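Give me the fold of what follows.
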Amino acid sequence: MLIEEIMKTDVITLTPSHTVKDAADLMRERHIRHLPIIEDGSRLVGIITDRDLKEILPYGRQIPADMQAVYDMPLAECMVTEPITGHPMDFVEESALVFYHNQIGCLPIVSNDELIGIITETDLLYKYIELTGAHQPGSQIEVRVPNVPGILYEVSKVFHEFQTNVQSVLVYPDKENDANKILVIRIKTMNPIAIIEGLKERGFDVLWPNFPGTGL
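Numbers count the residues shown, from 1 in each chain. Here you go, the predicted model:
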């Protein structure tokens, strides 16, 4: 999946000549935490975040006598210049790594030196929820399988037999044995008992759900 598929394109921005008060007021009114700073209509020159404002404004500290001077400070004097950016054709998975390694909360999206969008850590989290199907009614089954080619196809035969829609499949390493993998499968049914029985009958090791006292 590409960034252009999930980025917000109606980006709220300010310019370097706007003030700290402008940024604080806009963040509060629009319920946002990141403001790209642009010049010449769309050229990204910086970014200001709610975290930056907390370092500038005296939240929970002694208020300076000349508070107005703080509010009147141009963003050019306190914004983060040369922020980390992404491109609309970047992969979402790779962008998630950029967030993780750089500990950032947003990624302005730039193409041909123009700001065309933005994604936040909240956007990435919700996209992960969508990809896993966790926002839809269903059940989750975890199966330990040998780490061999074609094993996912063999498991999928069971779901086909029971005419069950698969919403998502995630593959994790088995921490106890490198020769295995853990499949986390979300299916579009609220009662997975028959499918669990079918998986076990074919020799698959179902880790979850586990129903004590039922033989499943």
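
Please identify the buried residues of the worst-scoring helix or strand of the chain on mean pLDDT?
Every helix and strand of the chain was ranked by mean pLDDT, DSSP states H and E. The lowest is helix 67-71, at a mean of 82. The neighbour-count check on helix 67-71 (16 or more other C-beta atoms under 10 Å) flags V70, Y71 as buried. Every residue, glycine included, has its C-beta placed from N, CA and C.

could you point out which element follows it?
strand 80-81 (DSSP states H and E).

Give the other helices and strands that that following strand contacts.
The elements that strand 80-81 packs onto, with contact taken as 3 or more C-beta pairs under 8 Å, 6 or more residues apart in numbering; DSSP states H and E, are strand 43-49.

which residues in this protein form helices?
20-30, 50-56, 67-71, 92-102, 121-132, 151-161, 193-201 (DSSP state H).

Make JSON lines out of those helices and add distance to I185.
Below are these laid out as JSON lines (distance: least, C-beta to C-beta, whole Å):
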{"stretch": "helix 20-30", "distance to I185": "39"}
{"stretch": "helix 50-56", "distance to I185": "38"}
{"stretch": "helix 67-71", "distance to I185": "54"}
{"stretch": "helix 92-102", "distance to I185": "20"}
{"stretch": "helix 121-132", "distance to I185": "10"}
{"stretch": "helix 151-161", "distance to I185": "8"}
{"stretch": "helix 193-201", "distance to I185": "9"}
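
quick one: which of those helices has the weakest pLDDT on average?
If you rank the helices of the chain by mean pLDDT, helix 67-71 sits at the bottom with a mean of 82.

Grab the most central residue of the chain for me.
By C-alpha atoms, centre = their mean, the chain has its centre lying nearest to L124, at 1.8 Å.

This structure - how does it break down into domains?
3-128, 135-208 (automatic domain parsing).

Report how many residues lie close to the nearest residue to the residue nearest to the centre of the chain once chain neighbours are set aside.
On the basis of C-beta to C-beta, 6 or more residues apart in numbering, the spatially nearest residue to L124 that is not a chain neighbour turns out to be A96, at 5.5 Å. Around A96 there are 17 other residues, counting by other C-beta atoms under 10 Å.

Also the one 10 residues further on?
The number of residues packed around C106, counting by other C-beta under 10 Å, is 23.

what do you get for L14?
Counted with other C-beta under 10 Å, L14 comes out at 19.
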